[in-house]
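J.: Build me a model:
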Amino acid sequence: MELGLHVGYWSAGPPPTAAEAVIAAERLGFESVWTAEAYGSDCLTPLAWWGSATDWITLGTNILQMAARTPTATAMAALTLDHLSAGRFVLGLGASGPQVVEGWYGSAYPRPLARTREYVDIVRKVWARDKPVSFDGDFYTLPYPGGAGLGKALKSTVHPLRTDIPIHLAAEGPKNVALAAEIADGWLPLFFSPRADGFYREALAEGFDRPGARRTPADFQVSATVPVIVDDDVERAADRVRPMLALYIGGMGAKEANFHNQVFVRLGYEEACVRIQELFLNGQRQDAAAAVPTALVEDVALVGPAGKVREELARWEQTVVDTLIVSGGPDSLEAIARVVRG
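T.: Numbering: from 1, shown residues only. Predicted coordinates:
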C-alpha cells in the first residue's frame, strides 16, 4: 500500500506547514503529493510552487475542476507542468457539483458523464499532437462555429514531454466509477469504505469490460483519500475527522443533490445523514459534526491507537485501493508512515 499526501484546497489562506509537509512526504518515501480546488485557491499554482522543491515524488491534482478551464487550457497546463517536473505530473479531473459549476463558474452542470468523456478526449488530442485539434461534440466544438467566423484548428506549439500523461477521475457514483475504468488511468475516490469494496469492484469491472477500455485492473491506479489519525483516544481522533465529514455530508452540495451525502446513505447511514444535513444547513455546524457517528468515521478513516490502525489497515489492503492519500504536517506524516509501514 503506497502513501500519498493531500495538501487539499485552502481555507482562508495557505496551509502554514504545507511546504514543509511536501518536502517531508518525499523524504519519508511517499509516492505522491496532491492539491485540490473548490472556489478559492486553484490547484495548479500550489502544486507547481511546492512541487518545485521536490525531486522525484509524483505531483497530482485531486482534483482539477473541469468547469474551471476549457479542455485545451487544461491540456496546456498539464503538458507545461509535466515538462517542469520532468514527467512527474498526474492530471486528476472531477466534475464537481451543480452548486459550484453553475454558481461559481457559470456553466451548465447536466450530463456530467458525457461532458467528462468529451473533455478527456480533447485533452488527449492536444497531447497527441499528431494534427490540429478539431472536435464536434454536444458540449465542446473546436473551432468555435460562430463568433468572428475566423476560428482555426490549431496544434500545440509545445511538444509534450509525454503524450500519455496519466488522467485520473474523481468519482463517487457507480456510473462515474465505471467511466473512470473505461477512459482513465486511475480513480480518485474521496470517501471509500472497505465495506463497499464489492460495490466498487462491480462498477470498475463494468468499465473495464467496455469496448476500447484504456486499462485493465492490473494497470489501473486507485488512490483513495483516507484520513489517518493516530491517537490513543479513539473518540478524540474521530473528533478531528467529524467536522470535515459533516461539511461534505451536510453542506457540499444542495439538499436535493449532494453526491457525497449519498455515499454514506449507500453505506447504511441514511438517518444520520438526514440529521447531519439538517443541522448543517440550519447553521448548527458544531452540532452537525457531533452527530457524525463514530462507526461512520471508522468506515472511511483510520483513527485511534497505532495497533488499532494497523489492524484495520489489513481490511484496506484487501480492497481495490493501491494508495492511501493522507493529510497532515511533517510530524503527523512521520507517525502515519511508521504505523502504515509497520
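J.: For the rest of this, base every contact and every neighbour count on C-alpha atoms.
T.: OK.
J.: and stretch 207-223, C-alpha only, in CSV?
T.: Taking C-alpha atoms only, stretch 207-223 is exported to CSV below (Å, rounded to 0.1, in the frame of the first residue of the first chain):
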residue,chain,number,x,y,z
GLY,A,207,-15.9,0.0,-17.2
PHE,A,208,-13.0,-2.4,-17.9
ASP,A,209,-15.3,-4.7,-19.9
ARG,A,210,-16.4,-1.9,-22.3
PRO,A,211,-15.1,-2.0,-25.9
GLY,A,212,-12.0,0.2,-26.2
ALA,A,213,-11.4,0.4,-22.4
ARG,A,214,-8.0,2.1,-21.8
ARG,A,215,-6.8,0.0,-18.9
THR,A,216,-7.2,-3.4,-17.1
PRO,A,217,-7.4,-3.9,-13.4
ALA,A,218,-3.7,-4.8,-13.4
ASP,A,219,-2.5,-1.4,-14.6
PHE,A,220,-5.2,0.9,-13.2
GLN,A,221,-4.4,3.0,-10.2
VAL,A,222,-6.9,3.6,-7.3
SER,A,223,-5.8,6.4,-4.9
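J.: Please compute how far that stretch lies from its chain's middle.
T.: What separates the centre of stretch 207-223 from the centre of its chain is 18 Å, taken as CA atoms, centre = their mean, to the nearest Å.
J.: Determine which residue lies closest to the centroid of this protein.
T.: Asn62 (3.5 Å; CA atoms, centre = their mean).
J.: For it, grab phi and psi.
T.: phi -140, psi 70 (degrees, to the nearest 10).
J.: ok, it - contacts?
T.: Gly8, Trp34, Thr35, Ala36, Cys43, Leu91, Gly92, Leu93, Gly94, Ala170, Leu188 (CA atoms under 8 Å, 6 or more residues apart in numbering).
J.: Make sure the third one is actually in contact with Thr58.
T.: Think Thr35. No: checked against CA atoms under 8 Å, the pair Thr35 and Thr58 is beyond contact range at 11.5 Å.
J.: which of those two has more neighbours?
T.: Thr35 (25 against 19; other CA atoms under 10 Å).
J.: Disregarding residues adjacent in the polypeptide, which is nearest to Leu154?
T.: Leaving out its chain neighbours, the residue that sits closest to Leu154 by CA to CA, 6 or more residues apart in numbering is Pro132, at 4.5 Å.
J.: contacting residues for the one you found?
T.: By CA under 8 Å, 6+ apart, the contact set of Pro132 is Ala153, Leu154, Lys155, Ser156.
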